[in-house]
Every structure is written in structure tokens, then in C-alpha cells.
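Q: Here is the input, now give the coordinates:
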Amino acid sequence: MSETREKNYVLAIDQGTTSSRAIIFDHSGQIVSVGQKEFRQIFPNPGWVEHDPLDIWRSVRAVVAEALQEAEINRHQIAAVGITNQRETTIVWDKNTGEPVYNAIVWQDTRTSAIVREIAAGDELGTERYRQITGENLSTYPSAPRIKWILDNVEGAREKAEAGDLLFGTPDTWVLWNITGGVKGGVHATDVTNASRTLLMDVRTLEWREDICEDFGIPTSMLPEIRSSSEVYGYGRKNGLLVDTPISGILGDQQAATFGQACFEKGTAKNTYGTGCFTLMNTGEEPVFSENGLLTTVLYQLGDAKPVYALEGSVAVAGSLVQWLRDNLGLITKSSEIGELASSVEDNGGVYFVPAFSGLFAPYWKDDARGAIVGLTRYVTKGHIARAVEESTAFQSAEVLDAMNADSGVPLKELKVDGGMTHDDLLMQFQADVSGVDVIQPVVAETTALGAAYAAGIAVGFWSGTEDVVANWQEGKRWTPSMDEAERDRTYRLWKKAVTRTFDWADEDVK
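A: Sure, this is the predicted structure:
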């Protein structure tokens, strides 16, 4: 303990979908410094989304250096390192060379639709074949179909995998393996939260299911060891900036945000606004299986303690829709301009934008849906389009909240929010209006990285436990519903009508 008291900070590595970040926190949970670096988004075909795993690793090394430099500290003052990451994104690499056999296939990618249909056809339960075991429906979302795609489509991959030469991991595992030595003894492990997003782990026993691996043709030798979310996995080796520093916390990004938001009471919930939108509700120490299109996931596990579970609703496209408006249409030059453009009009002008770019996630789970803008007239301006973009995020989140209320039987009274889009007053107010509950942003909005930092710090005694997380959490801003109920019902009804227009678009002729 004396050693950790001399160390004043915890570093969190936040390996996200569009960028990697390193954030250094002090004991009060305040941000000391930030390093951030975007990396390439690769779109080889419609519906395909990839990253170069080497880009990911290089970006992580760069942001760690940047954060340490900005804080003017070195590894000797870092008590622990936590990792949080884009979940489900699938990386397969050669354990002998450290080289990926293929690009990372990102969680948004829908190329595995045929694999999903093939596996679903093998059981009378269809896409619900594994739900009571893994908490997830069979879809293009979890990692398992992506691993199978790589083994089936990359020349020599299956042979190498069956010979025990290939490793699989989500980005947390890839970063941990590299940071702890890579080919020279790197730790091949993941935590329960990320493992619960692969479709390969039993959410009750927290162990890999050999029968499901066999269904997908995945050798279990590829899979990382499943560990808790808060324990020492290994120590920094290859990245000289963190030599001998304990890597002691791993949480998938949405679970990390829920942890950072201090949602430790059963029934508490948060929504993170990032590339996608993700709402999680704490359901306690027993998994609850949704009847309304939600996922059952492990929320966290601290060391040897019992795991805590959550219901989750996942929206694929939120912040990435703003990026699309910027990069593909050029309606704005910076993402931060979206709020001003949307505020230039009084309402959406009758326009609804359903961003089903890679199908629809919760609560619909339709991988054959595609994006649509409906309600266009000559009256519509780019301001109305921008407003429809903003509102689509709130509408999608409201549908997830409806599903959670139905599953839990206890309507939410408030919603904690975090992520970059929470700085947009128009969006947050509209979220409160359309959901009918108060929306609350904490003082420290970077709760994803903060949650990973807490998990790491608790493991080494830097923080005593979840009570320190609760003590550090502070309300920053609150939005209260102000929309007329009749207007809310009208616009919500039209949104749902717009959503139905996206169904069943992709077929043999349209991918």
C-alpha cells in the first residue's frame, strides 16, 4: 500500500471506434491530462467496417506518451492502468509474429449476415438459439460470426488456428497482449464484460461454451482467458513508457461508462452518446433476460466478488451520423457545428432521419434495414436535415428506454448521460422531452475512461471500492422535460412510422 500512496494518478486507455485516448485521473476522479488520436476507418464494401489493428496499437502508444507529457509526469507516478474499448470488434493475429491475419472487423460491420442465417437455420429457436445461455441474440453484432468469417475467408487462417498459432481478441485483449510483451510473453486475457459480447460465453458460469465454439468452427485455443474486471493482469513491458506499471482494470466501453456513472444500485441506468448510443440498466447479481429486444450482459465483476449484470439497448449510429453529415455530405465542416445548424430552425420541418446504415440494433434487430430520410418537401433546408440528425439519436434512445421500462416493470425516473454529444444542449433537451424523464450529466463527462480507471485503481488499493466512486460522482447539468405531451406523442408516432420505412430493404439486389 505504501507504494500506491506515493503514486498520485491512474491512467486509462480508451480504445474507441474512431480514436484512441489516454486520460490521466487524480484521486478525486478529475482529469489531469488527455491524449487523443484518430485512426483510419476502412470501408472496403457497403456494410463493411474495418480498422488496421497496427493503427490501433500505434495510436494507443502515441496517446499514452501525449497524456504523460501533458501532465508532466512519468510511469513512476502512475498507480495503475485501466483499459476500456470498443466491444465486439474482432482481431485475429499470429501469436508467433504478432501480425494480424486480417483487419479488425468492427462491431458495426454487417458482412456476416449469411453466417448468421446459416447458424440460425440449424436450430428451431433461430436467432434466439443462444439467448438464454449468452444473453445475446444471434446477429451480426457479437464477435463469433466475425471470427468464423476470418477463418473461412482468409487463406491459411483456419489451418493456423487449428494448429494453435492464432489468437483472437477484442481491442482490450489486443492492447493488453501488446502492452505486456506481445510475442515475448504477452498476456492473452479479457474481462467478463467483453467476453459476454462474443456470443461464446455462458453469462451464468462466466466460461467459454465449447459447444457454441464448435457451432461456429472456432478452436477454443484462440480464445483469451476470462478474468474479472478489476485485478492485476500483468505489467507494462513492450511500451517503455509504462514498464512495470500494473495493468489492472478492463471494462468494455459501455460497462465502463456505467461504472464511472456510479450506477451500482439495481434499476439505475445511463446512456452514452458516442459513435453509437448505448443504454445500460443495472439488474443486480442475477441476469435478466429481455422480452423486448434488449441484451443481457455482464456489467462488471470486482476481483472474486459476484458478477453484476445489466440490460443493454444498443443503437448503432449516433455520433457517427454527425460525422457522416460532415464527411460525406459536407453540410458542416466540424462536428461541433451540428447544434448551431440544427438550432437555426424551430423544428424538424416534418423530416425524420433513420440512420440504419448497418441495419437496426435494439429493439428491432433487423440487419436488412437501411437508412432513410423521410418527409422531404421543398420547404426543407439543411437546418431541418441537421435537426433530424440530432433528433434521431434521441428517438432511438427513447425506444430503448421504452423497452427497458417494459422489461424491468419499474419506469426510469432519471437518466444519467455521458459522451461527447452531451455537450449539445438541443439534443439533451430533446432527449428529456421525448423520453419524459430528467436527463443528468455529471461534472466529469468522460465516464468511460473514468470507469476503467476506477476498476484499475480499486484493484491496487488506490481507491477503496465503489463507495469512493459514489463519493466522487457529482451532478453537472440537468435537463427537465418541457415539451407538450400531445406534441411528444405526435412526433414520436411519426418517428416510429419512419422506422418502418427502412425495413427489408437489403436483399439479393441491394446489399
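Q: okay, now Val187: neighbour count?
A: By other CB atoms under 10 Å, 19 other residues sit near Val187. (C-beta placed from N, C-alpha, C; glycine too.)
Q: Next: Phe43.
A: Per other CB under 10 Å, the neighbour tally for Phe43 reads 11.
Q: same check, this time on Leu299
A: Neighbour count of Leu299, defined by other CB under 10 Å: 28.
Q: Now it: phi and psi?
A: Here is the backbone geometry of Leu299 (degrees, to the nearest 10): phi -80, psi -50.
Q: For it, which residues are in contact?
A: 193, 255, 258-259, 280, 282-283, 307-310 (CB atoms under 8 Å, 6 or more residues apart in numbering).
Q: Show me how to select, in PyMOL, the buried members of those residues.
A: Selection of buried members from those for PyMOL, criterion 16 or more other CB atoms under 10 Å:
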select buried, resi 193+255+258+259+280+282+283+307+308+309+310
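Q: right, and out of the contacts of Leu299, which lies closest to Thr89?
A: Closest approach between the contacts of Leu299 and Thr89, by CB to CB: Thr193, at 14.0 Å.
Q: And for the helix or strand that closest one falls within, what's in contact with it?
A: Using DSSP states H and E, Thr193 sits in helix 192-195. Helix 192-195 has contacts (CB under 8 Å, 6+ apart) with 85, 87, 170, 172-173, 201, 206, 208, 224, 226-229, 250-252, 255, 297-301, 307.
Q: Narrow those residues to those in helices?
A: 172-173, 255 (DSSP state H).
Q: Could you single out the nearest of these to Trp93?
A: When the ones in helices among the contacts of helix 192-195 are compared for distance to Trp93 (CB to CB), Thr173 wins out at 9.9 Å.
Q: For the closest one, give me its contacts.
A: 91, 167, 188-190, 194, 224.
Q: That one and Leu280: what is the separation?
A: Distance, Thr173 to Leu280, using CB to CB, to the nearest Å: 21 Å.
Q: Could you do Ala144 as well?
A: Per CB to CB, Ala144 is found 21 Å from Leu280.
Q: so Gln323 makes contact with Ser335?
A: Yes. Using CB atoms under 8 Å, Gln323 is in contact with Ser335, at 6.3 Å.
Q: and Gly330, how many residues sit next to it?
A: When neighbours are counted by other CB under 10 Å, Gly330 registers 8.
Q: Roughly how far does it sit from Met483?
A: 32 Å.
Q: Leu295 too?
A: Plainly put, Leu295 is 29 Å away from Met483 if you go by CB to CB.
Q: Of the two, give the one with the bigger neighbour count.
A: Higher neighbour count among Leu295 and Met483: Leu295, with 27 against 15, using other CB under 10 Å.
Q: Give me the spatial nearest neighbour of the more buried one, chain neighbours excluded.
A: Computed as CB to CB, 6 or more residues apart in numbering, the closest residue to Leu295 that is not its neighbour in sequence is Glu312, at 4.6 Å.
Q: right, and the helix or strand after the longest helix along the chain?
A: In the chain, assigned by DSSP H, the helix with the most residues is helix 382-408. Note on helix 382-408: by DSSP H and E, the next helix or strand toward the C-terminus is strand 414-418.
Q: contacting residues for Ser33?
A: By CB under 8 Å, 6+ apart, the contact set of Ser33 is 23-24, 67-68, 70-71.
Q: Could you rerun that using 10 Å?
A: Residues in contact with Ser33, defined by CB atoms under 10 Å, 6 or more residues apart in numbering, are 9, 11, 22-25, 66-73.
Q: hang on, it in a helix?
A: No. Counting by DSSP: H, G, I helix; E, B strand; the rest coil, Ser33 is not found in a helix; it is strand.
Q: Next one, pLDDT for it please.
A: Ser33 is assigned a pLDDT of 95 by the prediction.
Q: in the sheet, who's paired with it?
A: Taking DSSP bridges as the rule, Ser33 bridges to Ile24.
Q: What's the end-to-end length of stretch 461-476?
A: Length of stretch 461-476, first residue to last, CA to CA, to the nearest Å: 27 Å.
Q: Give me the buried positions along that stretch.
A: In terms of neighbour count (16+ other CB under 10 Å), stretch 461-476 has its buried residues at 462-463, 466, 468-469, 472-473.
Q: how long is stretch 433-451 from one end to the other?
A: Stretch 433-451 has its terminal residues 28 Å apart, counting by CA to CA.
Q: hang on, the earlier thing: how about the helix holding Thr193 as CSV, C-alpha atoms only?
A: Output of helix 192-195 as CSV, limited to C-alpha atoms (Å, rounded to 0.1, in the frame of the first residue of the first chain):
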residue,chain,number,x,y,z
VAL,A,192,-16.1,-10.8,-18.2
THR,A,193,-17.8,-7.8,-19.8
ASN,A,194,-16.0,-8.1,-23.1
ALA,A,195,-16.3,-11.9,-23.1
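Q: For Phe25, which non-adjacent residue is closest in space?
A: In space, Phe25 is closest to Ala453, 4.8 Å off (CB to CB, 6+ apart).
Q: Please report the distance of the one you found from Gly35.
A: Distance from Ala453 to Gly35, counting by CB to CB: 14 Å.
Q: Those two: which is more packed in?
A: Neighbour count, other CB under 10 Å: between Ala453 and Gly35, Ala453 has more, with 36 against 23.
Q: where does the protein dip in pLDDT?
A: Scanning the chain for pLDDT under 70 picks out 1-5, 238-240, 508-511.
Q: secondary structure class for the residue of it most remote from its centre?
A: Distance from the C-alpha centroid of the chain, by CA atoms, centre = their mean, peaks at Arg378 (38.1 Å). Put simply, Arg378 is coil when judged by three-state DSSP.
Q: re earlier: and the contacts of helix 192-195, which are buried?
A: Counted by 16+ other CB under 10 Å, the contacts of helix 192-195 give 85, 87, 170, 172-173, 201, 206, 208, 224, 226-229, 250-252, 255, 297-301, 307 as buried.
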